[in-house]
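A.B. asks: Dropping the sequence and predicted coords here.
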Amino acid sequence: MNEIEVGDEVFCTDPKLDKANDFFFSNLCNTGNTSNPVGSVVTPTNVVQIPGLNILGISLVRIDHAPNSLNPPHIHSRAVEALIVLEDTLYVGFVTSNTGNRLFTKVLVTPRIPHPEVAGTLQYPPTGQI
């Protein structure tokens, strides 16, 4: 895709110049290296990796966890997060930003939990899992 970057924004130019690879990213299939202090690694996928996602507001990640690891608490400004657990279990949670900063948590062993617009999210595989 022929693009122009301005600060944090990526603007589309001519859609006639799009190619099939502008809508494809294979790195989410690759296991990440979790040999680091927190034991997890995030592989981002957004308009930088898949230019065809531009203006759609879509961003995907793959998070690999070692046993007893953590994806540190983080925020998603004006975003929604959905998780799919592919193997074992994962303790997940989010803190609401518009109803008194309430914490909601769940152990996932089934497909997904959506996160509404929230102040922050976290993921943690319970001890002995993964």
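C.D. replies: On my side now, so go ahead.
A.B. asks: residues near Leu90, how many?
C.D. replies: Other residues within reach of Leu90, judged by other Cβ atoms under 10 Å, total 23. (Glycine included, C-beta is placed from N, CA and C.)
A.B. asks: can I assume it is in contact with Ile84?
C.D. replies: No. Using Cβ atoms under 8 Å, Leu90 is not in contact with Ile84, being 9.8 Å away.
A.B. asks: How is the residue in the chain sticking out farthest from the centre assigned, secondary-structure-wise?
C.D. replies: Centroid-distance maximum for the chain: Lys16 at 29.5 Å, with Cα atoms, centre = their mean. Secondary structure assignment for Lys16 (DSSP: H, G, I helix; E, B strand; the rest coil): helix.
A.B. asks: Equivalent analysis for Lys106, please.
C.D. replies: Lys106 - assigned by three-state DSSP - is strand.
A.B. asks: any idea how far it is from Tyr91?
C.D. replies: Relative to Tyr91, Lys106 is positioned 8 Å away (Cβ to Cβ, to the nearest Å).
A.B. asks: For the two, work out which one has more neighbours and name it.
C.D. replies: Tyr91 (16 against 13).
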